[in-house]
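Asker: After the sequence you'll find the predicted model.
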Amino acid sequence: MRSAISSLFLKTVLFVILFIAGFTAAAQPPVEMPENIPTSVDPKNLSQPQLRALLEDQNKDAGKDKNADLYKNNKIEKDSVVEDGIKGSSYSPKKTYGADVFAYSATTDLSELSTPPLDYPIGVGDHIIVSLWGGSEFQEDYVVARDGAIFPTSLGKISVQGLTFDNMRSVVYSRFRSVVPAGTNISISLGQPRSINVNVVGQVRRGGPMTVSAFSNAFNVIAKAGGINEFGNLRNIIIKRNGRQIDEIDVYKYLTTGDFGKHIYLQNNDFVIVGDVEKKVLATGQFKRPMYYQLKSDEGVKALIKYAGGLNSEALASALKIIRTSDEKQVQIDVNANAILKIDGQDEPLMDGDVVKVNLVKAGIINKIEIRGEVTYPDTYELRVGDRLFDLINRAGGVTRNTYLPRAYVFRGAGDSTNLQSDRLEVDLTDLNDGDALSSASNIVLQTNDVVQLFSQNEFGEQQYVEIFGEIRKPGQVTKYGGMTLEDLLYLTGGIKPTAEYGRLEISSVVDIDSAKKSLKPTRTIVRSYAIQPNLQLDSAAAKIILRPFDQIFVRKNPTFELQQNVELKGMVKYPGLYPRLSKYERISSYLQRAGGVQEYANLAGAVLYRKKTEFFREKLVPKPDLDSFGVPVNDSLAQLMKVVDEPVTIDLYKALKYKNSKHDIVLQENDVVFIPEINPFVTIRGRVQSPLKIAFDKEHTNLMYYIDKAGGFGVKPWRKRVYVTYANGKSRRTKTFLFFRFYPKVDEGAIVTVPQRPEVQDAGDIIKTVLVGAIPVILTGIIFKYIN
């Protein structure tokens, strides 16, 4: 019974899991088919490229070597190709010098050459075209017959077989010139060249008989056969005719000297034979062209260096290494390549399979010394024979006026980065400018990689300065120099402002001068006061006061002196513009009265005051206002105004004018801007309504729902209890609720009614799915725990 219940319980759980999985999968968005894969096609309506793509073998990459791309880059990246007796895999045996020359020898179809080579031999089947124009016009195509001649009418037989193209033109030209009028021009050219059958055999990629143009030479037919493979001999390509060798070609000779050899044109049944490579060696390291090279039996290191383009300038040529496999073991042979290159007749033979390696010279300059610190030109310098410390200092431009002479250091060998420990020598440079400087004990002999360190006097002292504050044109910190007076400081900082208070200049000092020791000594803060004359100048005694390091000077402001302070009125006033403050307590109604009052269509309810914040408040507390956060269109004058002033302050101008000197009639401050807009006769409805729009304001209808109805009523998902109204002066009022009742705010001219969107709430299906998916791990854990126990 228990087993049956357990089985039933297990089946139930599995059913629930499968049901949830299916439910979850059904909730997934449908997978979109990529645009480039047709779901149903009609082959008749497809273009040729589309049809090829549709019928293309999708298994074309099956069996492809996934590492094939690794062999595309044959660049040699290591100095050493032999590590533990194994050649590095970064070298491909196919990357042999000269092997790629045949990749470019068949790019031109030789049968299409408009003018044959001058040394081309004329043979049976060639077409010779003779053209006449001028006195008479004539053109004829003559074919070289089996007897090797052409037979023009009235001229008789002309033998041309075996002649070069250049000689043939001379012979034919002479025969025709003898019979045509003197004013007739003669042109002799070769028509379609004949075709010949040749055989390419040996180590080529596609050997066998082939038909080629008679213009072809051995290079052309080898290229047409796919080139020489990695086992082919580039140094001895043989051409045979009628069983007899008539020429041999050395590709390396062609690459290094441009010599083709005899440049023999092939004939019918010629054989081009590419034998097996005799000797191939690998050049690695500091060769200019590190790769595999084929050498002849009598060629060695000298020829290898020549074919490889020579050695790099950083090559350690005196220790060229040859790694050779001999008797199933690897051996190394060290060779001085410098001696081989300099001495005629000297060479080192190489064998098939040798690896020739040239390392880099050791990094680091062997004859340098360095000077750092307070000299005119600190840098590295050449160490010359007998160089001493003072010699190096003079070559570096000498010491400066700030050089600290009592102490300098010489670090032995510190210029060598491989030297982990260097010795320090202390030297005194006070004798540097004396007449007996050369004999000074400090003028030591320098060695390779010595580093000389000089110091500046500024490194052992603080930069001295004074500060000036208050009614000065350029207040701030000023570097102090020796003997600076108070008068000097005032000149350096632009002088005293007209707003300065007479007799109120103070100097605060924290250090004093120890005249005996000629040094500074700390003291308690001392404040000294001095008078400023009515002409804003110092008296003679105060002007000559010597300032001390770190002095602070304060120029006080005259409390009775005050520049004009203005308030600006903009918008719908009779005389807009700047108005000076008559007193610190003048109110907004007074300014409007002086401006002639407001105009007829002024919107008093929309008036805004812009007050400039203090620098501290603006920088530390107030973020930049986002004028477009609500997306409300602002008229041009208001938008331009808000770019240059700070945040607006809401005011009730109607009450300010009605109840003068009341709390509504506020006192204006310096740089305040009052903007009175024109009456806006519209109400803007936006947000979740059927038709967001502007509606003319009706004084008899201030109820918000009247304007909502004019916009077609509420739209999709309106948040009714969050509807709010923004008035022309920037104030906002929101909807209030009590129990099931809503109290909407009143609407006025220029107001904006905003209906927000109600936030999304998960439906029951989403909640159930989330709960069930979260319960799956708990159910599975319970099942496993039950069966374990």
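Answerer: Now that the structure is in, tell me what you want to look at. Numbers count the residues shown, from 1 in each chain.
Asker: low-scoring stretches of this structure, by residue?
Answerer: The chain contains residues with pLDDT under 70 at 1-94, 104-114, 261-263, 435-437, 512-524, 534-536, 613-646, 761-767, 787-789.
Asker: Mind giving me the packing neighbours of the longest strand along it?
Answerer: Ranked by residue count and defined by DSSP state E, the top strand of the chain is strand 500-514. Contact here means 3 or more C-beta pairs under 8 Å, 6 or more residues apart in numbering; DSSP states H and E; on that basis strand 500-514 packs against strand 519-530, strand 552-557. In short, each C-beta sits where N, CA and C put it, glycine included.
Asker: which SS class is Pro152?
Answerer: At Pro152 the chain is in coil, as set by DSSP: H, G, I helix; E, B strand; the rest coil.
Asker: residue contacts, the closest residue to it other than its chain neighbours?
Answerer: Excluding its sequence neighbours, the residue lying closest to Pro152 (C-beta to C-beta, 6 or more residues apart in numbering) is Tyr142, at 6.5 Å. For Tyr142, the contacting residues are His127, Ile128, Ile129, Val130, Ile150, Phe151, Pro152, by C-beta atoms under 8 Å, 6 or more residues apart in numbering.
Asker: Just the buried ones from the residues you listed?
Answerer: Neighbour counting with 16 or more other C-beta atoms under 10 Å marks Ile128, Val130, Ile150, Pro152 as buried within these.
Asker: Return the list of strands paired to whichever strand or helix holds the first one, each annotated with direction.
Answerer: When secondary structure is defined using DSSP states H and E, the element that contains Ile128 is strand 127-133. Taking DSSP bridges as the criterion, strand 127-133 pairs within the sheet with strand 138-143 (antiparallel), strand 185-190 (antiparallel).
Asker: What are the structural domain limits within this protein?
Answerer: Domain ranges of the chain: 99-107+195-276, 114-190, 280-358, 368-460, 465-557, 566-676, 682-755, per automatic domain parsing.
Asker: quick revisit: how much distance is there from the longest strand of the chain to the middle of the chain?
Answerer: Distance, stretch centre to chain centre, for strand 500-514: 56 Å (C-alpha atoms, centre = their mean, to the nearest Å).
Asker: Name every sheet partner of it and say whether each one runs parallel or antiparallel.
Answerer: By DSSP bridges, strand 500-514 pairs with strand 519-530 (antiparallel), strand 552-557 (antiparallel).
Asker: Export the contacts of Tyr142 to CSV and append columns for distance to Phe219.
Answerer: Formatted as CSV, these follow (distance: C-beta to C-beta, whole Å):
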residue, distance to Phe219
His127, 25
Ile128, 27
Ile129, 28
Val130, 32
Ile150, 31
Phe151, 36
Pro152, 36
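Asker: Which pair in these has the greatest spatial separation?
Answerer: Pairwise distances across the contacts of Tyr142 (C-beta to C-beta) peak at 15.0 Å, for the pair Ile129 and Phe151.
Asker: does Lys694 sit in a helix, a strand or a coil?
Answerer: strand.
Asker: measure it to Gly750 for me?
Answerer: For Lys694, the distance to Gly750 equals 10 Å [C-beta to C-beta, to the nearest Å].
Asker: Show me the common contact partners of these two, please.
Answerer: Phe682, Val683.
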